[in-house]
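>>> when you get a sec, could you give me coordinates for this:
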Amino acid sequence: MGAPCHFALFDLQPDFRVDLAQLGERYRALARSVHPDRFADADARDQRLALERAAQLNDAYQVLKNAPQRALYLLTLRGHELPLEATVQDPEFLLQQMQLREELEDLHDSADLEGVALFKQRLKGAQDHLEQQFAACWQVVDEREQAERLVRRMQFLDKLMREVRQLEERLDD
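Residues are numbered from 1 along each chain as shown. Here you go, the predicted model:
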């Protein structure tokens, strides 16, 4: 028997739209109930099971709280493995990636904190837009390629957003 579905661990139906506050509350409650410290006096088997449950719960929470990871997970639940090379089939987005990277590099070189904040705001808007598009199409059988394309775009923007935050932190110091 494989690991239970991440959504089932939190008593949720598989869906892209997740109430993150509710997910966090459920995670904290479940984490307390399976915390290995609660099993300190238990036998070795129960301690090991508690550790496994805690790790499984943490993994599920990390996936579900992150939109690109949640989207990818939903596709894998449907039996769709995402081929890595497919970005090449999205030339429009490749061009956008290059432009965004150049813009971030310019912001890095100019140490323009206000420009970084505006760039971050635009990225957040683009992420929200992609998430809305994915939420609308992931369940439609004929839209599988579009859903996969959106996941790749979401992954790229998520990675770029982490880089923007790192730049902000360096410029703030």
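
>>> contacts only, for the residue most central in space within the chain.
Nearest to the mean C-alpha position of the chain, counting by Cα atoms, centre = their mean, stands Asn66 at 2.7 Å. Residues in contact with Asn66, defined by Cβ atoms under 8 Å, 6 or more residues apart in numbering, are Asp158. C-beta: built from backbone N, CA, C; applies to glycine.

>>> what's the spacing between it and Arg48?
Using Cβ to Cβ, to the nearest Å, Asn66 is found at 28 Å from Arg48.

>>> biggest helix in this structure by residues?
Among the elements of type helix in the chain, defined by DSSP state H, the one spanning the most residues is helix 144-172.

>>> and that one, how far from the chain's centre?
10 Å (Cα atoms, centre = their mean, to the nearest Å).

>>> then stretch 108-116?
26 Å.

>>> cool, and stretch 128-140?
For stretch 128-140, the distance between its averaged C-alpha position and the chain's averaged C-alpha position is 14 Å (Cα atoms, centre = their mean).

>>> for it, buried residues please.
Residues Leu130, Glu131, Gln133, Phe134, Ala135, Cys137, Trp138 are the ones in stretch 128-140 that count as buried (16 or more other Cβ atoms under 10 Å).

>>> which stretches of the chain form helices?
Listed in chain order (using DSSP H), the helices of the chain are 6-9, 20-34, 44-65, 67-77, 91-110, 113-137, 144-172.

>>> Serialize those to JSON lines and add fields for mean pLDDT.
Converted to JSON lines, those look like this (pLDDT from 0 to 100):
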{"stretch": "helix 6-9", "mean pLDDT": "93"}
{"stretch": "helix 20-34", "mean pLDDT": "93"}
{"stretch": "helix 44-65", "mean pLDDT": "91"}
{"stretch": "helix 67-77", "mean pLDDT": "92"}
{"stretch": "helix 91-110", "mean pLDDT": "91"}
{"stretch": "helix 113-137", "mean pLDDT": "94"}
{"stretch": "helix 144-172", "mean pLDDT": "91"}
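
>>> distance of the residue nearest to the centre of the chain from Met161?
As for Asn66, its distance to Met161 is 11 Å (criterion: Cβ to Cβ).
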